[in-house]
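1. predicted model, plus sequence, below.
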Amino acid sequence: MKGQEWYQTDDVAEEYDSKRFSRGGQLIDRREKEAVLDAIGPVDDKSVLEVACGTGRFTAMLADRGADIVGLDISGPMLSQGREKAKSAGVDDHVEFMRGDAARLPFPDDHFDTVVAMRFFHLADTPASFLAEMRRVSKHQVFFDTFNRFSLRSLYNWALPMGSRLYSRWEVDRLLDGAGLELAGEAHDFVLPYGFYRKIPNDLASGFRSIDEVVGASPVGDKVASVSYWDTRV
Amino acid sequence: MKEDLMDIICCPLDKHDLDLEVDERDDEEVLAGSLVCTECGESYPIEDGIPNLLPPDMREDAPA
C-alpha cells in the first residue's frame, strides 16, 4: 500500500497533525473523536487496540479517558510523535505504542474488548485480510471508518499522494460478511469532504459545516456523505 | 515499552510467546533490547522504547 511509504518519513510524520488538523481540520478532528467516543465509550478500564494509530490522536484521547490502550502502526516516525503526545498528556502509564503489521498482529485471539482503526481502510490494499485480523484479536467490538465512493471526495481523491481507496455500501457489507462481523451501528457524515475543510480557515469552516449538517440530515444526506463510521460486533 | 506488555504480545508470525532481553532500561520502561520468539527464534528489536513487531519481511533492511 502506498501509505506504507508515504507516512514513514520524518517530515511527513512531524507535519502530520499541523497539516491535517489546524484550520478547518480542527472541526474534522472533533467530529472524528466524537464518532469514536459515541461508538466505543465509556472506555474506562476497557482494553483497546488502535490499528494504524499514526500520531496517536485517538490513542492519547482514549488513554486520557481511562482505556488501557495499545497503539500500533507501521511507521516509526509517526509512533515517536504518538509517544511524545502521550507523555505530554501524562497518560503514558497506560499506553503502549508498537510497530507492527495490521495483517499479522502480535496478539492472541479474542484479546481486546475493542479494536479501532480510523482512516486506515482507505490506505488498505487488501481490506478483507486486515478486517479479519482485527476481528481475530477482538472479543467484542470492531470500529472503523471508510471514505465513500459516491461522494464529493471522488473529485480529488485520485490526486492524493498516499493513494486512497473509496468504498461503496455494497463493498462494506461484503467486507463485514467476509470477516464475520455484525453491524451494530453506523453514522455517515461530511457531504463536504475533509479536503475542503482543510483548505479553509476555522471561522469559515463552521459556516460551511452548518450547511453540511443540514444537507447531511436531509433524506439524501447519508447517500452523499463522504465518510462513514461502522460500529460492528464480533 | 513497559514490562507488563509481555503479558499480551506474541510473535506476529506463529503467535507463540516472546522472551524479553533487556539492553537498556529506565525507571519505568525498557528502552532498548529484543523480543525473541520461544518457538521460531525470530528476534524483534526494541528501539527508543518502541518494540518493532513488524514481521522480518517488512523491516527496512528486508530485501525489496
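-> Alright, I've got the coordinates.

2. what's around residue 51, how many residues?
-> Let's take chain A. Using other Cβ atoms under 10 Å in any protein chain shown, A:Val51 is surrounded by 24 other residues. From N, CA and C alone the C-beta is placed, and that goes for glycine too.

3. that's the wrong chain, I wanted chain B
-> Residues near B:Pro51, counting by other Cβ under 10 Å: 26.

4. that one bridge partners, please.
-> For B:Pro51, the beta-bridge partners under DSSP bridges are B:Ile46.

5. A:Phe150 in helix, strand or coil?
-> The local conformation at A:Phe150, judged by DSSP: H, G, I helix; E, B strand; the rest coil, is coil.

6. that one and A:Lys223 touch, don't they?
-> Yes - counting by Cβ atoms under 8 Å, A:Lys223 is a contact partner of A:Phe150 at 7.0 Å.

7. output the below-cut-off pLDDT ranges for chain B.
-> B:61-64 (pLDDT under 70).

8. could you look up the SS state of A:Val116?
-> Assignment for A:Val116 (three-state DSSP): strand.

9. and the pLDDT at it?
-> Looking at A:Val116, its pLDDT reads 98.

10. quick check: residues of chain B near chain A?
-> B:1-2, B:5, B:8-13, B:15, B:28, B:47-55, B:58 (Cβ under 8 Å from any Cβ of the partner chain).

11. return the subset of those residues lying in helices.
-> Assigned to helices by DSSP state H, none of the residues of chain B next to chain A qualify.

12. please convert the buried members of these into ChimeraX selection syntax.
-> Filtering the residues of chain B next to chain A down to the buried ones (16 or more other Cβ atoms under 10 Å in any protein chain shown) takes a single ChimeraX command:
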select /B:1,5,8,9,10,11,12,13,15,49,50,51,52,53,54,55,58
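
13. give me the subset of the residues of chain B next to chain A lying in strands.
-> B:47, B:50-51 (DSSP state E).

14. nearest to A:Val227, of those residues?
-> B:Ile50 (29.7 Å; Cβ to Cβ).

15. my guess is that closest one contacts B:Met1. True?
-> Yes - with contact defined as Cβ under 8 Å, B:Ile50 counts as touching B:Met1 (7.1 Å).

16. need the overlap of contacts for the two.
-> Shared contacts of B:Ile50 and B:Met1 (Cβ atoms under 8 Å, 6 or more residues apart in numbering or on different chains): A:Met98.
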